[in-house]
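**Student:** Got a sequence here, can you model it:
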Amino acid sequence: VKATTTNKSVAIPNEQAAIPQRIEEKIHRLEELMSIHQLYHDPDLTRAIVAGKIGISEGYLSELIKVGLKTSFNDYVNEFRVKRVIAMFHDEKFDLFSIEAIGFEAGFKSKSVFYDAFKKVTKKRLVPTEKPSICPKKSTLQQFPTFTFLDHQIFSSIPSLFVHL
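**Tutor:** Got it, this is the predicted structure:
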């Protein structure tokens with residue numbers, strides 16, 4: 001990396017080369033907490049809880065998700081919950097559960113947030129009487145967007161906020 005001052009080029013140590021690696025590690029840890037440890041099941045999950053588990057501030061977590069995953073914290077968590085709901089719709093163990101009970105089991109705290117998130121992720125309105133007909137087949141679950149760091153290739157547009165890792 002070179003900086004130009006007047007007519008001279010000055011070499012600057014390439015400390016920023018390690019920044020994308022650190023960001024990727026933080027996002028990987030976030031995805032691990034959600035996918036493997038299933039933190040999204042907790043209806044009282046907050047940015048503070050997740051940030052604490054990763055070892056970063058709440059503000060940094062929000063910026064990491066916003067810039068790295070192109071979404072908000074709530075939308076990120078709710079996507080995991082909606083995917084869990086869809087999987088539960090396909091599981092015979094949950095056939096006798098109401099749609100709302102399945103939403104609560106997946107980590108939603110209220111019906112309205114559950115219905116709104118379901119519609120946002122699947123682009124379909126959820127009506128209690130439509131449970132069997134509205135849920136996509138297992139083979140089509142991959143069509144829903146998944147927020148992953150590598151999909152967004154943001155290394156070239158990392159804001160200065162990340163310089164202070």
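
**Student:** hey, let's count contacts and neighbours off CA atoms from now on
**Tutor:** Fine.

**Student:** least trustworthy helix or strand in the protein by mean pLDDT?
**Tutor:** helix 149-152 (a mean of 40; mean pLDDT, DSSP states H and E).

**Student:** Show me the strands in this structure, by range?
**Tutor:** 2-5, 8-11 (DSSP state E).

**Student:** rank those strands by pLDDT, which is bottom?
**Tutor:** The minimum mean pLDDT among those belongs to strand 2-5 (a mean of 45).

**Student:** Poorly predicted segments of this structure, please.
**Tutor:** Counting by pLDDT under 70, the ranges of the chain that qualify are 1-19, 127-165.

**Student:** Could you rerun that using 80?
**Tutor:** Scanning the chain for pLDDT under 80 picks out 1-21, 125-165.

**Student:** So what's the residue count around residue 21?
**Tutor:** 12 (other C-alpha atoms under 10 Å).

**Student:** so residue 73 sits right up against residue 47, yeah?
**Tutor:** Yes - under the criterion of C-alpha atoms under 8 Å, residue 73 makes contact with residue 47 at 7.3 Å.

**Student:** Now for those two: what residues contact both?
**Tutor:** residue 62 (C-alpha atoms under 8 Å, 6 or more residues apart in numbering).

**Student:** can you map out the helices along this protein?
**Tutor:** Secondary structure of the chain by DSSP state H: the helices cover 18-35, 47-54, 58-63, 69, 73-89, 99-105, 111-122, 131-134, 149-152.

**Student:** Pipe those into JSON lines and attach distance to residue 41 per row.
**Tutor:** Listed next are the helices of the chain as JSON lines, based on distance: least, C-alpha to C-alpha, whole Å:
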{"stretch": "helix 18-35", "distance to residue 41": "9"}
{"stretch": "helix 47-54", "distance to residue 41": "13"}
{"stretch": "helix 58-63", "distance to residue 41": "19"}
{"stretch": "helix 69", "distance to residue 41": "20"}
{"stretch": "helix 73-89", "distance to residue 41": "7"}
{"stretch": "helix 99-105", "distance to residue 41": "7"}
{"stretch": "helix 111-122", "distance to residue 41": "13"}
{"stretch": "helix 131-134", "distance to residue 41": "21"}
{"stretch": "helix 149-152", "distance to residue 41": "22"}
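
**Student:** Would you mind writing the CA trace of stretch 23-38 as CSV?
**Tutor:** C-alpha atoms of stretch 23-38 as CSV (Å, rounded to 0.1, in the frame of the first residue of the first chain):
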residue,chain,number,x,y,z
ILE,A,23,-13.8,-9.6,10.0
GLU,A,24,-14.3,-13.0,8.4
GLU,A,25,-13.4,-14.7,11.7
LYS,A,26,-15.9,-12.6,13.6
ILE,A,27,-18.7,-13.3,11.1
HIS,A,28,-17.7,-17.0,11.0
ARG,A,29,-18.1,-17.1,14.8
LEU,A,30,-21.5,-15.3,14.5
GLU,A,31,-22.7,-17.9,12.0
GLU,A,32,-21.4,-20.7,14.2
LEU,A,33,-23.3,-19.3,17.2
MET,A,34,-26.5,-19.2,15.1
SER,A,35,-26.2,-22.4,13.1
ILE,A,36,-24.5,-24.8,15.5
HIS,A,37,-25.4,-23.4,18.9
GLN,A,38,-28.8,-22.1,17.7
